[in-house]
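Novice: Fold the following for me, if possible:
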Amino acid sequence: MDVNLPDVIAEVRAVFDRYEQALVSNDVAALDELFWDSPHTLRYGLAENLHGYDAIRAFRAARPAQGLARTLQRTAITSYGRDFATANTEFLRAGGPAGRQSQTWVRTPHGWRVVSAHVSLLA
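Specialist: Residues are numbered from 1 along each chain as shown. Model prediction:
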């Protein structure tokens, strides 16, 4: 298996950056687009465990749009072959606790999509 093919890393970095921009600007349509539309998709958040695309979509629609700005550090993107990748990052919010985020990305016929995500705070 080819790990960290430069062209795949560039693709995933671009979609990861698009996701981050959508997240901090509360672009719900883009966030919905970037998650795999499947009952198998998971997102474990700060206070919620979301099973399936519909639950994730409902969460995004109801989430407050304030206080979303953050700074990323130590972002690590790793690709495994041409169609599977992980993205892990730490984040800082002004006046708030630090956190971490992990995403599993899979290339689908519609482009790269998050199939599993986890967000948690650091003590």
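Novice: mind checking the longest helix of this protein?
Specialist: In the chain, taking DSSP state H as the definition, the longest helix is helix 6-24.
Novice: in this structure, which spans are strands?
Specialist: 42-44, 49-51, 71-79, 84-92, 99-108, 111-121 (DSSP state E).
Novice: Just want the angle from the longest helix of the chain to strand 99-108.
Specialist: Calculated by axes from the mean of the first three to the mean of the last three CA atoms, to 10 degrees, helix 6-24 forms an angle of 120 degrees with strand 99-108.
Novice: Identify the residues contacting the residue positioned nearest the centre of the chain.
Specialist: Nearest to the mean C-alpha position of the chain, counting by CA atoms, centre = their mean, stands residue 103 at 4.9 Å. Residues near residue 103 by CB atoms under 8 Å, 6 or more residues apart in numbering: 16, 19, 86, 87, 88, 114, 116, 117, 118. Any C-beta I mention is one placed from the backbone N, CA and C, and that applies to glycine too.
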